[in-house]
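[1] Generate a structure from the sequence data that follows.
(chains A, B, C and D)
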Amino acid sequence: MSQINRLNTGARTDSTSRINFTYNGKQMQGVAGDTLASALLANGVNVVGRSFKYSRPRGIVGHGAEEPNAIMQIGSGAATVPNLRATQVELYEGLESASVNGWPNVNFDLMSITGWFGRMMPPGFYYKTFMYPAKLWMTYEHFIRKAAGLGSAPVQDDPDSYDKLNQHCDVLVVGAGPAGLVAAREAARAGARVIIADEQSEFGGSLLASINSIDGQAATSWVDELVAELESFSNVQTLPRSTAFGYYDHNFLGILQRRTDHLGISADSGSRQRLHRVRAKRVILATGAFERPLVFAQNDIPGVMQASSVSTYINRYGVAPGNRMILFTTNDNAYQTAIDWHRAGRAVVAVVDSRSAPSGEIVGSGTGNGYSSNSRLRSD
Amino acid sequence: MKKYSGFSLFKNALSYHENWQKLWRSPKPKDYYDVIVVGGGGHGLATAYYLAKVHGITKVAVIEKGYLGGGNTARNTTIIRSNYLWDEAAQLYELSLKLWEGLSQELNYNVMFSQRGVLNLGHNLQDMRDIERRVNANRLNGIDGEVVTPERVKEIAPLINISKDCRYPILGASWQPRGGTARHDAVAWGYARGADALGVDLIQETEVIGIRRKNGSVVGVETTQGFIGTRKVACVTAGNSGVVAAMAGLRLPVESRPLQALVSEPVKPCLDTVVMSNAVHGYISQSDKGDLVIGAGVDGYNGYGQRGSFHVIEHTLQAICELFPAFSRVRMNRQWGGVVDTCPDACPIISKTSVDGLYFNCGWGTGGFKATPGSGYVFADTVANDHPHPLAAAFNVDRFNTGALIDEHGAAGVAH
Amino acid sequence: MPNNITRETPLHYFHKLSSHASSAQSPEIFNGQVEFALVVKEAPLSSFLNLRGNGSDKGFCSAVAEVLGVTVPTEPGTYHSNKDSSIYWLGPDEWLLFSCIDASNLEAQLRKALSGHISIVDISGGQTLINLRGDPCALAILLKKSSVYDFAAWPDADINAGRCAQTTFAKATAVVTNKADGSYDLILRRSFADYIAKWLLDAGQEFGCRIEA
Amino acid sequence: MLLIHCPHCREDREEEEYSYSGEAHIVRPLEPEALSDQEWGDYLFFRKNPKGIHHEMWYHAVGCRRYFYATRNTLSYEILETYKVGEQPQVSAQGAAQ
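    A predicted model of the protein is given here:
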């Protein structure tokens, strides 16, 4: 399979540097800077999983921690990891990935026959049945258990080692998007001991997928400059690939840093992951926002994606996940996606706006690109 | 109450599940009840259910400040077993286990009681001596149990590490095959539905803020919905027992502590039993949804925060990885705490008090869930007759003045 | 005391391994190929006395100062030292004396000089002191791995005064102090020394760590 | 994870350095043998266990190895003060800073 959806324009990917990986046993190629999700989309993969109860097919809808569907088993043997989101897995040479549900495979799943009985299985149906005869419950349970779970836990001892650091700082900044970066810079310039952590592989947050400019400078180069300044301070610790996972009493936070996962190797010296137990005097949460999915019938089928994710795949990774697009929105932001999609040389069929008269600056800027800003779809 | 069955599921599917009977009513509080149960968790709801079912006392209200089963019932690791050391405790928990065995059918509500067995590991010679003593005591009480070898442990839980070359090598275990887990929410909901059907008023989002007394006897409770009269108040407010006791001018020998638990992301079945270890301070099972459900010891100090300290779960996960080295790559999904009230002897209080008509069922520490049916059964009996049920007599609060403590620290699973 | 008894320090075993390490006979413990960013060195067979008394009693302080030539630190978390001896603050009425003067000799001198409600206990047999030195970044990370205490917040030590703290170290405890040369001294229980040495080798592995005889 | 100020070390130290020793200011009976079973049991086992302001005893186990008192809110876990044995709290449930 070739990278049919690959563009030549990804700001943070290098299309000349090819990376081989496998998905459900199939050989595929991505490029340096890809996540597993962007590489799968580049290869035209639509179905990445099956839903838990009815085995409905599921596609990628997000581009980060919010992704609900693209849950993968990564690696094999003792070093396998269950339940990683493809949107958060950095691609490396030889990466092995597999969908966690679907039998015999994710595209044709026999379990989906449970969908036919869906009406018999409302939420909590198991409380109302499987009670008689009493002695059969353990048998029922055996089959219920088999149907549950996502990926598989490893069965061999973990080959890697882990460590932890007890950290102390004046200011902890969680999130290295524009807000977090500037906050960290100001604190650092004032002489404070600063730690700035971000779950992604590189700092910049939303700016990594932005084609806008800041202070007359491309957003991504503004980020590069700011990160370089932060790294020049001896009183600043920068922690990429580091997820803050808990905020405990008296400003104690846990941060997990993934040190070698993106290399796809077991660390022969040092640790695979490091726990930072941070005691901060002040904490700045600059974690940004997730786009909220719109609610409509069938919004879970493959091909439905968040507008911000579409833009991110185009601008950051150089992947246009499809050919023809309909945008459904309640605000101005999606119009940027329409412009991005159009720039990628793909067709925007319509923008469906729930507002009667959208009028923002960006709304008008898309006209002339072959779609009207308030197309109505026929409900039949 | 309309019965649940495969047929009722089918019938309701035809009407798109829009005609199911509500599990329980949401009544306005009456002016007077024969008994008011304070606290709508598993124990409180079970108490109300057995008051109505066994003793015919149906003019009962359960008053809950939050929602039914929203406290420790929904926050525990759902382990059920009865292998306690002392006769008094073992018999109480065994009554409970027997009730568990028929509970889904009794309540016509599947509480998913799964008798997958419970292992209590021993890591040194003293542990093994304690295990042998406890198993022998259990068998004298007619409770199933056996001492098993590390090899047998490995058969029951294949991913466990029985190598001698680790900090806490497994030397053996006690094994109670009838133990297991249940679905915690279902227990509360099943009892609530059963009690409601018998006429009990379940009053949610109503907090008891005072206990009115006259001449040393209870005459009613003050609530956020006003005064409600009664001659009997049965307090089942785990975690907050000290606070409720203070409303009646009483002190209890309990201290409230956070107890934490956490679950992993769901994985395919890999652990079909419950594994507990006192020495390394952790216990683990896998839910029917696939989550690894892991519990810790109580936090080291009094607290009413439903969260707890990070280093406690850190310590517990070290223990779990020590027992199951393969699990170190499985990621944890959620972490939470519940507030338990702990007694100095790690046994509960099921008791009348010095205030006439005021009863307490508290102090279950880390092990209340498993006792839910038995606790409700004997407490209902104690309240109905104003006299301790034979199995509850030893758990009178007087024991802290007479000295007749029942020291279950060894069998209680984790330190409290 | 029979004079054919050999006194061994708690880490003598590691010293022996360390000397073997250069010929790469035990590569599983010592990575002989790397440059060592961290070095652990034991101060062998020193004297340790636990001293208790009233720090606001001028007579007590001057008597101790006279014997050791070091003033008693009364500020929490500090130590004073000279070429031969150090006094570490342990608590409001408790100090740890470290010295290369023979312990029984030192104890006798102190008992002679001090009077009143005091306590002197010779704990030499139960302690050892090790020095951690090396690349400042590696050293800082090693300490962050090992202890919940914020050593980086300490001001630099002078040649004869600095900071000290009793705190957690790995799963044991230690008195940790900073030195004027940027290194750190660790005072450990003898029974934990073997464990802590192994911990340090493991925690320092990513930088290259060795134990020096 | 609490950060507790030790009044002896005069530093904020991590919870892991301390151990908790229960309710503070419990007066040990001068003549235990003169107590009734009721009084002795009350002294040994019965506690205030408040939800809110609590005076409690802590031990700086791996630090200076001294006991001290803390006034802590058992719901928010805020530590309002720490003070030495022999001193009285400045903050109480009845009112702050008397």
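[2] Chain A: helices as residue ranges?
    Along chain A, counting by DSSP state H, helices occupy A:36-42, A:137-147, A:178-189, A:219-232, A:307-315, A:333-343, A:361-365.
[3] Tell me which other helices or strands the shortest one touches.
    Under the contact criterion of 3 or more C-beta pairs under 8 Å, 6 or more residues apart in numbering or on different chains; DSSP states H and E, helix A:361-365 touches helix A:333-343. (Glycine included, C-beta is placed from N, CA and C.)
[4] could you give the angle of the helix it packs on to helix A:307-315?
    30 degrees (axes from the mean of the first three to the mean of the last three C-alpha atoms, to 10 degrees).
[5] Just give the closest residue to the spatially most central residue of chain A, not the sequence neighbours.
    In chain A, the residue lying closest to the centroid (C-alpha atoms, centre = their mean) is A:Gly64, at 2.0 Å. If the residues on either side of it in the chain are set aside, A:Gly64 comes closest to A:Thr87, at 5.5 Å by C-beta to C-beta, 6 or more residues apart in numbering or on different chains.
[6] Counting neighbours, what do you get for the one you found?
    A:Thr87 has 26 neighbours, counted by other C-beta atoms under 10 Å in any protein chain shown.
[7] Ok, B:Gly194 next?
    Neighbour tally, B:Gly194, other C-beta under 10 Å: 25.
[8] Same question for A:Val31.
    Neighbour tally, A:Val31, other C-beta under 10 Å: 22.
[9] swap in the one 4 residues further on?
    A:Thr35 has 29 neighbouring residues, counting by other C-beta under 10 Å.
[10] Over to C:Asp102?
    11.
[11] which ones are touching it?
    Each residue near C:Asp102 by C-beta atoms under 8 Å, 6 or more residues apart in numbering or on different chains is listed here: C:Ser47.
[12] separation between it and C:Gly126?
    17 Å (C-beta to C-beta, to the nearest Å).
[13] And the average pLDDT for the helix or strand harbouring B:Val135 is what?
    Taking DSSP states H and E as the criterion, B:Val135 maps to helix B:125-140. The average of the pLDDT scores along helix B:125-140 is 95.
[14] now stretch A:322-342
    The average of the pLDDT scores along stretch A:322-342 is 92.
[15] what's the residue nearest to A:Gly64 in contact with, if anything?
    A:Thr35, A:Leu36, A:Ala37, A:Ile60, A:Gly62, A:His63, A:Gly64, A:Ala65, A:Glu67, A:Ala70.
[16] In the sheet, which residues pair with B:Ser114? Tell me.
    Beta bridges link B:Ser114 to B:Thr181 when assigned by DSSP bridges.
[17] contacting residues for the closest residue to B:Gly363 other than its chain neighbours?
    Nearest residue to B:Gly363 in three dimensions, chain neighbours excluded: B:Cys343, at 3.9 Å (C-beta to C-beta, 6+ apart). Counting by C-beta under 8 Å, 6+ apart, B:Cys343 makes contact with B:Pro253, B:Val254, B:Ile349, B:Gly363, B:Gly365, B:His416.
[18] So what's the residue count around the closest residue to C:Thr78 other than its chain neighbours?
    Take C:Thr78 and drop its neighbours on the chain: the residue closest to it by C-beta to C-beta, 6+ apart is C:Trp89, 5.5 Å away. Look at C:Trp89: counted by other C-beta under 10 Å, it has 26 neighbours.
[19] Same check on C:Phe14?
    The burial count for C:Phe14: 25, using other C-beta under 10 Å.
[20] Check the residue nearest in space to the middle of chain B and give its pLDDT.
    Most central in chain B under C-alpha atoms, centre = their mean is B:Phe369, positioned 1.4 Å from the mean C-alpha point. At B:Phe369, the pLDDT value in this model is 96.
[21] In this structure it contacts B:Thr78, no?
    Yes: counting by C-beta atoms under 8 Å, B:Phe369 touches B:Thr78, with 5.9 Å between them.
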